[in-house]
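[1] Structure for the following, please:
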Amino acid sequence: MSKQKISISIRDPAIYEFVKAKAERENVSAYVCDLIRRNMEQPSEEDLDKKVEEIVRRLLQNTDAVTFSPSNQPNKNSLTDEDRELLKSLF
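    Reported below is the predicted structural model:
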């Protein structure tokens, strides 16, 4: 495998000090390449939907995790007796 070089600028002093200290102990190039490789291998955001679906599915299967309770709001589709009478009188 051929070696290719790249130069990076580090504006954040804390990051610069970290990289400088890291270089004293180990190969910084290998460290950066490893970080990039792991980032490349991580699932993309497209897989996020699949993860959310899986979590919701697990929660629904675990009856202790999710509880359902009926809504106290009246059903918007139901008519009151007054509404029914009004409709009968109009038609």
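[2] Report the mean confidence score over whichever strand or helix holds Tyr16.
    Using DSSP states H and E, the element containing Tyr16 is helix 13-25. Mean pLDDT, computed over helix 13-25, is 89.
[3] Pull the residues that contact stretch 24-34.
    Val19, Lys22 (C-beta atoms under 8 Å, 6 or more residues apart in numbering). Just so you know, the C-beta spots here come from the backbone N, C-alpha and C atoms, and that holds for glycine as well.
[4] let's see 10 Å
    Lys3, Lys5, Ile6, Ile8, Val19, Lys20, Ala21, Lys22, Ala23 (C-beta atoms under 10 Å, 6 or more residues apart in numbering).
[5] which of the residues you listed has the most neighbours?
    Val19 (15 neighbours; other C-beta atoms under 10 Å).
[6] If I follow the layout properly, that one ends up in contact with Ile10?
    Yes. With contact defined as C-beta atoms under 10 Å, Val19 and Ile10 form a contacting pair (6.4 Å).
[7] Report the distance from stretch 84-91 to the chain centre.
    Remark: stretch 84-91 is offset 51 Å from the chain centroid, using C-alpha atoms, centre = their mean, to the nearest Å.
[8] Does the spatially most central residue of the chain lie in a helix or a strand, and which?
    By C-alpha atoms, centre = their mean, the mean C-alpha position of the chain lies nearest to Leu48, the distance being 5.6 Å. Assigned by DSSP H and E, Leu48 falls within helix 46-61.
[9] and if you look at Leu87?
    Counting by DSSP H and E, Leu87 is part of helix 81-90.
[10] Ok, Ile36 next?
    Counting by DSSP H and E, Ile36 is part of helix 28-41.
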